[in-house]
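Peer 1: Just a sequence and a predicted model for now, questions to come.
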Amino acid sequence: MNDKIKIAVRGLRKSFGSKAVLDGVDFDLREGESLVIIGGSGTGKSVTVKCILGLMQPDAGSIRIDGVEATKLSSGERFRMLRKFGMLFQGAALFDSLPVWENVAFGLIQGQGMARARARDIAIEKLAAVGLGAEVAKLSPAALSGGMQKRVGLARAIAAEPEIIVFDEPTTGLDPIMADVINDLIVKVVKDRGTTAISITHDMASTRKIADRVAMIYKGRIIWSDTVDRIDHSGNEFVEQFIHGRAEGPIRMEIRAL
Amino acid sequence: MLDFVASIGRIFIGFLQGTGRFALFTIEGVSHCFRPPIYPRLIGRQLIDMGFYSLPVVGLTALFTGMVLALQAHTGFSFAAETGVAIIVVLSVTRELGPVIAGLMVAGRIGAAIAAEIGTMRVTDQIDALSTLSTNPYKYLVVPRLIAGTIALPCLVFIADVVGVFGGFLVGTYSLDYNPSSFLGVMMDNVATDDVASGLVKSAVFGFIVALMGCYHGYHSRGGAQGVGAATTYAVVSGSIMILLTDYLMTALFFSS
């Protein structure tokens, strides 16, 4: 990790109708750093990440990636900028019309115009890096378990060796052992290669394992941010309640009477 | 009273928003058809799906349409006899029934499949995944379907014309006992290149409409399985209505003089 700011987010706002989901999100992400954004459902974690990736246009605010203002890019510039990113989706989001190897090699073939034979070799290499054998390459994504799909999604995210990887709920829906396997793989691919990473999760075991720094989002704002080793001594009652999973505390769930 | 006016206003604004969104989607989709990269492999795959695999349903429909038309013309226009039946069959099939029936069948078969496939990709984040892999979803998903639809339907309709006329010929000669050579001669004498060409032009427009409606409703589907189901229904219904509407407009344009 160094001091160069890779992503700088300032005053990010996004509303859907009258509901303000992001209400002025600010944070910096340094090169080689692994930032985990924690927070409850509906607090704006996914919307923040979608705005950074340009999948959603913010109403106001600034997102600078390597010093370039990302919110004002044209469509072509945005797709070129996205070559810096790899993304692991919550449900893996594998293309079910393509075999596993083509999913992994997709960015190389379609995004970079690489020859299919060379891209296939790289795909098998990346599958091996996430613990999957070459025999999986020809299978359809539908033939894989949830954990295997996540691993293929991870292989796809790292296939083009991106500068920044985004992990959206990487362990959600997995059993604890498979979740730990995925966490180890994330640590391996991120920390070994010095890749910048931004993850969103509410899995605290995952957070403790993959984060250098943690930011908590609540009601569309970052309310606390510090290094992961400070999370148990945050002095923030919202963070305390969240990391211990307490029903009682300042965070009130919006539950309507039946 | 104020609530009533407000609700009418909301409906009107919603209609304008929907129309604007559809117009922007169409412009964006069409503009990408003329800008690289184009994916020939995907266009080929769509041509096979839309064209080759639609042949049985379109062929059967055209065959029975031609057969029914000959029977109806014979019973309904008894004064017309052999000449009238042959002319009715050949002109109805080439100018109108071939393109419209093939268009409606393809709207049901392909429009629904496109909306379901793209809609499922939308609700499972696969379209967002395309973007993060530096691939424009319009170029990868929409353009191949628009191009394939515009090419495949005229090919299907040409075959439907031949099969439909053949169906009329079968009924005319085997069931109604018309003379085969004179029945065929009357058909050939009374069909002009413009009759077939107008049908093929119509069908190219219908193919574009079917693909566009499937892509548009699939691309904007929301809310899981229910949203995908709704998108599929909208794609078929709006595609069918648009086919009938544009058919009227093009018929008025081609044959008004």
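Peer 2: Arrived safely. Numbers count the residues shown, from 1 in each chain, chains lettered A, B, ... in the order given.
Peer 1: any idea how far A:Ala211 lies from A:Ala197?
Peer 2: When distances are taken as CB to CB, to the nearest Å, A:Ala211 and A:Ala197 turn out to be 9 Å apart. Glycine gets a C-beta too; all of them are placed from N, C-alpha and C.
Peer 1: When the two are compared, which one has more neighbours?
Peer 2: More neighbours surround A:Ala197 than the other of A:Ala211 and A:Ala197, with 25 against 22 (other CB atoms under 10 Å in any protein chain shown).
Peer 1: thought that one was touching A:Lys188?
Peer 2: No - under the criterion of CB atoms under 8 Å, A:Ala197 is not in contact with A:Lys188, lying 11.8 Å apart.
Peer 1: intersection of neighbour lists for A:Ala211 and A:Ala197?
Peer 2: Counting by CB atoms under 8 Å, 6 or more residues apart in numbering or on different chains, the shared contacts of A:Ala211 and A:Ala197 are A:34-35.
Peer 1: Next to chain B in this structure, residues from the stretch 1-150 of chain A, please.
Peer 2: Taking CB under 8 Å from any CB of the partner chain as the criterion, the neighbours of chain B within the stretch 1-150 of chain A are A:50, A:53-55, A:75, A:79-80, A:82-83, A:85-87, A:89-91, A:93-97, A:106-107, A:110-112.
Peer 1: give me that answer again for 6 Å
Peer 2: Within the stretch 1-150 of chain A, the residues that sit near chain B (CB under 6 Å from any CB of the partner chain) are A:55, A:79, A:82-83, A:85, A:87, A:89, A:93, A:95, A:106-107, A:110-111.
Peer 1: Let's see which of those end up in strands.
Peer 2: Cross-referencing these against strands under DSSP state E gives A:85, A:87.
Peer 1: Could you let me know which of the residues of the stretch 1-150 of chain A next to chain B ends up closest to B:Val89?
Peer 2: Sorting the residues of the stretch 1-150 of chain A next to chain B by distance to B:Val89 puts A:Phe95 at the head of the list, at 46.5 Å, by CB to CB.
Peer 1: State the mean pLDDT of stretch B:230-242.
Peer 2: The predicted model gives stretch B:230-242 an average pLDDT of 94.
Peer 1: typed the wrong thing, it's stretch A:131-138
Peer 2: Here stretch A:131-138 scores 87 as its mean pLDDT.
Peer 1: quick one: buried residues of that stretch?
Peer 2: Residues of stretch A:131-138 classed as buried: A:132, A:136-137 (neighbour count, 16 or more other CB atoms under 10 Å in any protein chain shown).
Peer 1: Give me the secondary structure label for A:Ala197.
Peer 2: strand (DSSP: H, G, I helix; E, B strand; the rest coil).
Peer 1: all helices for the chain, in order.
Peer 2: The chain I'm using is chain A. A:45-53, A:75-81, A:100-106, A:116-129, A:146-159, A:176-191, A:204-210, A:237-244 (DSSP state H).
Peer 1: if you could check chain B rather than the one you did, that'd help
Peer 2: B:2-33, B:40-50, B:55-76, B:81-91, B:98-106, B:112-123, B:126-132, B:137, B:143-170, B:180-190, B:193-219, B:224-255.
Peer 1: Just put those in a markdown table and tack on mean neighbour count.
Peer 2: Below are the helices of chain B laid out as a markdown table (neighbours: other CB atoms under 10 Å in any protein chain shown):
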| stretch | mean neighbour count |
| --- | --- |
| helix B:2-33 | 12 |
| helix B:40-50 | 16 |
| helix B:55-76 | 18 |
| helix B:81-91 | 21 |
| helix B:98-106 | 26 |
| helix B:112-123 | 23 |
| helix B:126-132 | 23 |
| helix B:137 | 20 |
| helix B:143-170 | 24 |
| helix B:180-190 | 15 |
| helix B:193-219 | 24 |
| helix B:224-255 | 17 |
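Peer 1: wait, which of these is closest to chain A?
Peer 2: helix B:126-132 (4.1 Å; CB to the nearest CB).
Peer 1: how far out from the middle of the chain is the helix or strand following the closest one?
Peer 2: Sequence-wise, the next helix or strand beyond helix B:126-132 is helix B:137, with elements assigned using DSSP states H and E. In terms of CA atoms, centre = their mean, to the nearest Å, the centre of helix B:137 is set 23 Å apart from its chain centre.
Peer 1: Is chain A within reach of helix B:137?
Peer 2: No - Helix B:137 lies out of reach of chain A by CB under 6 Å from any CB, never closer than 10.3 Å.
Peer 1: how about low-confidence regions in the chain?
Peer 2: Assuming you mean chain A. Per-residue confidence of chain A (counting by pLDDT under 70) places the weak regions at A:1, A:253-258.
Peer 1: meant chain B, my bad for not saying
Peer 2: Scanning chain B with the threshold set as pLDDT under 70 gives B:78-80, B:257.
Peer 1: ok, the residue nearest the centre of it - contacts?
Peer 2: The structure's chain B has its C-alpha centroid closest to B:Gly103; by CA atoms, centre = their mean the separation is 2.8 Å. With contacts defined as CB atoms under 6 Å, 6 or more residues apart in numbering or on different chains, B:Gly103 is in contact with B:206, B:243.
Peer 1: so which of the helices of chain A gets nearest B:Gln126?
Peer 2: Each of the helices of chain A was checked against B:Gln126 via CB to CB, and the shortest separation belongs to helix A:100-106, namely 10.0 Å.
Peer 1: Could you list the buried residues of the closest one?
Peer 2: Here helix A:100-106 shows A:100-106 as buried, counting by 16+ other CB under 10 Å.
Peer 1: which strands and helices sit next to it?
Peer 2: Using 3 or more CB pairs under 6 Å, 6 or more residues apart in numbering or on different chains; DSSP states H and E as the contact criterion, the elements in contact with helix A:100-106 are helix A:116-129, helix A:146-159.
Peer 1: could these go into a markdown table alongside mean neighbour count and distance to A:Thr201?
Peer 2: Shown next, in a markdown table, are the helices and strands packed on helix A:100-106 (neighbours: other CB atoms under 10 Å in any protein chain shown; distance: least, CB to CB, whole Å):
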| stretch | mean neighbour count | distance to A:Thr201 |
| --- | --- | --- |
| helix A:116-129 | 17 | 22 |
| helix A:146-159 | 25 | 13 |
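Peer 1: Could you dump those into a markdown table with distance to B:Leu55 added?
Peer 2: Shown next, in a markdown table, are the helices and strands packed on helix A:100-106 (distance: least, CB to CB, whole Å):
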| stretch | distance to B:Leu55 |
| --- | --- |
| helix A:116-129 | 30 |
| helix A:146-159 | 36 |
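Peer 1: For B:Val90, find the nearest of those helices.
Peer 2: Using CB to CB, the helices and strands packed on helix A:100-106 put helix A:116-129 closest to B:Val90, at 48.5 Å.
Peer 1: Tell me how many other residues surround the closest residue to A:Gly54 other than its chain neighbours.
Peer 2: With CB to CB, 6 or more residues apart in numbering or on different chains as the criterion, A:Gly54 has its nearest non-adjacent residue at 4.6 Å, and that residue is A:Arg78. A count of nearby residues for A:Arg78, using other CB under 10 Å, gives 18.
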